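Peer 1: dropping the sequence and predicted coords here.
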Amino acid sequence: MMKPIYKKADISEIDSICELIKNAIRQMESQGIYQWDEDYPNIDILSQDITNEELTTVNIENEIAAIYVTNTEYDEEYDKVKWHFPDAKFMIVHRLCVSPKFQNKGLARIIVEHIEKEAKHEGFQSIRLDTFSGNPYSLRLYKSLGYTETGHFFWRKGCLITMEKLL
């Protein structure tokens, strides 16, 4: 696999990004993972991510292979979590999604390692995220990279596990 190229998404890419998400949803559903749907993440959420310059595309061979969002914004449920590093300056990862065409090639791991390096470079001390309890692939990925479970909350389609890693 060629080296991924990371860049902030442009609004002109919104259709390609939505198509990637739709393909990933179909793939997840075929594996019995009912995490996302037409309501989340939708075009309005993704467009706002782009406008806020928080959505990054991961490009391989001139194709969007994955997307993710990083920022410091979180749902109020995060306030109830017993974070392991409550005083650390943290970045939050949202909506990491790899196109089915590029899955099972280690790309998600490469992306998360890239996010960690960038976060550290920007002065962040930890990364926080939440992932669907019914998605064994994302849980295994984050645990293998040293993320630890800090709690959970219920949202839309079930239980989300909160995780954290000190950089």
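Peer 2: Looks like it arrived, so ask away. Residues are numbered from 1 along each chain as shown.
Peer 1: how close does Ile60 get to Pro4?
Peer 2: Between Ile60 and Pro4 the distance is 6 Å, computed by CB to CB, to the nearest Å. Every C-beta, even on glycine, is put in place using the N, C-alpha and C of the backbone.
Peer 1: tell me which residue lies nearest the centroid of the chain.
Peer 2: Closest residue to the average C-alpha location of the chain: Leu96 at 2.4 Å, with CA atoms, centre = their mean.
Peer 1: let me know the helix or strand that the nearest residue to that residue once chain neighbours are set aside is in.
Peer 2: Setting aside the residues directly before and after it, Leu96 is nearest to Tyr68 in space (CB to CB, 6 or more residues apart in numbering), at 4.2 Å. For Tyr68, the element it lies in under DSSP states H and E is strand 63-71.
Peer 1: same deal with Pro41?
Peer 2: Per DSSP H and E, there is no helix or strand for Pro41.
Peer 1: what pairs with the helix or strand of the chain with the lowest mean pLDDT, and is each one parallel or antiparallel?
Peer 2: One helix or strand of the chain scores below all others by mean pLDDT, DSSP states H and E: strand 148-155, with a mean of 93. Strand 148-155 has the following strand partners under DSSP bridges: strand 158-166 (antiparallel).
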